[in-house]
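Engineer: need a 3D model of the sequence below.
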Amino acid sequence: MNPKKMIEEITALPIEERVMIVDSLLRSLNQPESEIDKKWIATARQRLMEMRTGPVGTAMPDNEVFDRVWQRFQK
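Structural biologist: Numbering: from 1, shown residues only. Predicted coordinates:
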């Protein structure tokens, strides 16, 4: 099957099926590395615990985070 025909058929599928296809394709390009994934999970859990117990303080609203990022890159 040629790629153009394949894309036409895929775009006609329901969104849920297209998401599954995209996810599969992305995973085939970027194979997960279990050791790195474990470290990210541990970091995320640690940060969540810090947010819940208070040492971090209050969370910054997402729009403020993105505003700061844009300001940094516009310099």
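
Engineer: CA atoms for contacts and neighbours, from now on please.
Structural biologist: Will do.

Engineer: what's the pLDDT at Gln71?
Structural biologist: As predicted, Gln71 sits at a pLDDT of 91.

Engineer: for it, phi and psi?
Structural biologist: Gln71 adopts backbone torsions of phi -60, psi -40, taken as degrees, to the nearest 10.

Engineer: how many neighbours does it have?
Structural biologist: 10 (other C-alpha atoms under 10 Å).

Engineer: correct me if wrong: Ala59 contacts Leu48.
Structural biologist: No - taking C-alpha atoms under 8 Å as the definition, Ala59 is not a contact partner of Leu48, at 10.6 Å.

Engineer: helix, strand, or coil at Ile36?
Structural biologist: With DSSP: H, G, I helix; E, B strand; the rest coil as the basis, Ile36 sits in helix.

Engineer: report the separation between it and Pro55.
Structural biologist: 26 Å (C-alpha to C-alpha, to the nearest Å).

Engineer: all strands of this structure, in order?
Structural biologist: Taking DSSP state E, the chain contains no strands at all.

Engineer: least trustworthy helix or strand in it by mean pLDDT?
Structural biologist: Least confident helix or strand of the chain, by mean pLDDT, DSSP states H and E, is helix 34-53 with a mean of 88.

Engineer: for it, C-alpha coordinates in CSV please.
Structural biologist: Taking Å, rounded to 0.1, in the frame of the first residue of the first chain, the C-alpha atoms of helix 34-53 are listed here in CSV:
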residue,chain,number,x,y,z
SER,A,34,12.5,1.3,31.3
GLU,A,35,15.3,2.7,33.5
ILE,A,36,14.7,6.2,32.4
ASP,A,37,11.0,5.8,32.8
LYS,A,38,11.5,4.5,36.3
LYS,A,39,13.6,7.5,37.2
TRP,A,40,10.9,9.9,35.8
ILE,A,41,8.2,8.2,37.7
ALA,A,42,10.2,8.4,40.9
THR,A,43,10.8,12.1,40.3
ALA,A,44,7.2,12.8,39.6
ARG,A,45,6.1,10.9,42.7
GLN,A,46,8.6,12.9,44.8
ARG,A,47,7.4,16.2,43.4
LEU,A,48,3.8,15.3,44.0
MET,A,49,4.6,14.4,47.6
GLU,A,50,6.4,17.7,48.0
MET,A,51,3.4,19.5,46.6
ARG,A,52,1.0,17.7,48.9
THR,A,53,3.1,18.1,52.1
